[in-house]
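# Below are the sequence and a predicted model; questions follow.
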Amino acid sequence: MVLAAIVTDGDFFTFAADTLKSDKQFVLEVVKIQGSAWKYASNDLKNNKDILFAALKKLGLPVDVNMTARKLMLAEVSQDGESLEFAANTFKQDKEVILAAVKKNGNALKSAADAFKQDKEVVLAAVKINGQVWESVRFSLKEESSPFTTFNLSEDMGIILPDKLRLFLIAFGF
């Protein structure tokens with residue numbers, strides 16, 4: 001019954017029992033039918049090369065059977081940065097994966113491990129794609145330990161900021 005629902009829409013896999021989400025063979029069959037269903041597998045299976053390969057192949061991404069799970073996830077987040085939200089925790093702590101995700105969608109920063117939300121390179125990459133990301137990051141930074149305390153956002157980024165964001169930054173001393 002679960003499989004029948006998933007054939008219609010991969011998002012139905014979110015409602016499956018945890019035992020099914022942790023069953024490698026079942027998940028493999030599911031992602032061969034609906035590639036996007038990988039997002040609802042158990043954390044361990046989201047890091048599984050076979051699952052990711054089958055899912056991404058079904059989604060039409062250019063993947064190779066010899067790619068590692070990490071390379072497969074890089075391919076996925078490079079196409080859809082928001083996929084970082086569903087990635088295995090291992091990938092949310094991998095700077096290269098996070099950078100690929102935020103370069104595609106700045107909002108992916110919210111799914112990165114906390115340490116990367118204060119990483120200058122990662123935050124800059126996210127803000128270049130979506131300036132509004134800065135507003136949420138700015139308030140979560142600890143002033144005394146932030147790499148941004150002596151940082152001029154517009155000069156360091158080399159971009160022209162929208163008026164609303166520029167005024168916001170001026171108001172907070174950036």
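Nice, I can see it.

# how close does the nearest residue in space to residue 85 that is not next to it in sequence sit to residue 25?
Computed as CB to CB, 6 or more residues apart in numbering, the closest residue to residue 85 that is not its neighbour in sequence is residue 111, at 4.2 Å. Just so you know, the C-beta spots here come from the backbone N, C-alpha and C atoms, and that holds for glycine as well. To residue 25, residue 111 is 28 Å away according to CB to CB, to the nearest Å.

# So which of these two has more stuff around it?
The neighbour count for residue 111 versus residue 25, taken as other CB atoms under 10 Å, is higher for residue 111 (22 against 8).

# Contacts only, for the more buried one.
When contacts are counted by CB atoms under 8 Å, 6 or more residues apart in numbering, residue 111 touches 82, 84, 85, 87, 92, 101.

# mind listing what the third one touches?
Going back to what we said before, that points to residue 85. By CB under 8 Å, 6+ apart, the contact list for residue 85 reads 108, 110, 111.

# Those in strands, which ones?
The members of those all map outside strands under DSSP state E.

# Which of the three states applies to residue 63?
At residue 63, secondary structure determined by DSSP: H, G, I helix; E, B strand; the rest coil is coil.

# residues contacting the nearest residue to it once chain neighbours are set aside?
By the measure of CB to CB, 6+ apart, the closest residue to residue 63 outside its immediate chain neighbours is residue 56, 4.7 Å from it. Residue 56 is in contact with 35, 38, 63, 72, 75, 76, counting by CB under 8 Å, 6+ apart.

# The third one: neighbour count?
As a burial measure, the neighbour count of residue 63 was computed by other CB under 10 Å and equals 19.

# Spell out which helix or strand contains the nearest residue to residue 31 once chain neighbours are set aside, please.
Taking CB to CB, 6+ apart, and ignoring the residues beside it in sequence, residue 31 has residue 55 as its nearest neighbour in space, at 3.9 Å. With elements delineated by DSSP states H and E, residue 55 resides in helix 49-58, which encompasses its position.
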